[in-house]
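Engineer: Any chance you could fold what I've pasted below:
(one chain, ligands or ions: 1)
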Amino acid sequence: IEAAISDRTIALVGLMGAGKSTVGKRLADRLNRQFYDSDNEIEKAAGLSISDIFTLHGEAEFRRGERRVLERLLNEEPHVLATGGGAYLDPETRDLLREKAVTIWLNADLETLWRRVSRRGHRPLLKAENPKGVLSRLLTERTPIYEQADLVVRSEEGPHKATVESILRALD
Ligand code: S3P
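Structural biologist: Have a look, this model is predicted:
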């Protein structure tokens, strides 16, 4: 993949709280590329928040919308893309991402993810009795799939700058 990286989209995958949006924005700045956040693009296209899409239309419909939005974005010129945490789990969306982008899993441990997501309460999948338990289950279930990304980068607690630097080193 090395030779092709310079002209491919970089797609960040991983769980909620892994830092995909923050790291993605900074990475895009460093690479002088456009940044897209698939959740934001879905919200714009639907005219609804992610939570409202889940409530009004359900998760399956959200996933279809997510795939359509990613199809559109992946045909744009090479950019940095933060995907929603579930995008890479959907087999068709995953194939699309793997075909059109270099995929990077931002891998963080449960405590780090939890600290980050518990600051903000806008994730529909975590509106549960035991949100930390849900997050833990998602981490266990999804790890074997996220691991299939082209690159795996550790996203530690603390400044995202370190994560951006590791990605730049890994891509170099
Ligand atoms: C989801 C993650 C969210 C959002 C939706 C579903 C998931 O994105 O797409 O709530 O299935 O993990 P973030 O990872 O950006 O929070």
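Engineer: contacts, neighbours, all on C-alpha from now
Structural biologist: Noted.
Engineer: so what does the longest strand seen in the chain touch, helix or strand wise?
Structural biologist: Criterion DSSP state E: the longest strand present in the chain is strand 101-107. Packing contacts for strand 101-107, counted by 3 or more C-alpha pairs under 8 Å, 6 or more residues apart in numbering; DSSP states H and E, involve strand 9-13, strand 151-154.
Engineer: Say whether the ligand is contacted by the helix or strand just after it.
Structural biologist: Remark: after strand 101-107, the chain's next helix or strand is helix 110-117, criterion DSSP states H and E. No - remark: helix 110-117 sits outside contact range of the ligand, by C-alpha under 6 Å from any ligand atom, the gap being at least 8.1 Å.
Engineer: Could you figure out how far helix 110-117 is turned away from strand 101-107?
Structural biologist: 100 degrees (axes from the mean of the first three to the mean of the last three C-alpha atoms, to 10 degrees).
Engineer: which residues are contacting helix 110-117?
Structural biologist: Contact partners of helix 110-117, identified using C-alpha atoms under 8 Å, 6 or more residues apart in numbering, comprise Leu15, Met16, Gly17, Ala18, Lys132, Leu135, Ser136, Leu139, Glu156, Glu157.
Engineer: Rounded mean pLDDT for that helix, please.
Structural biologist: The pLDDT scores in helix 110-117 average 95.
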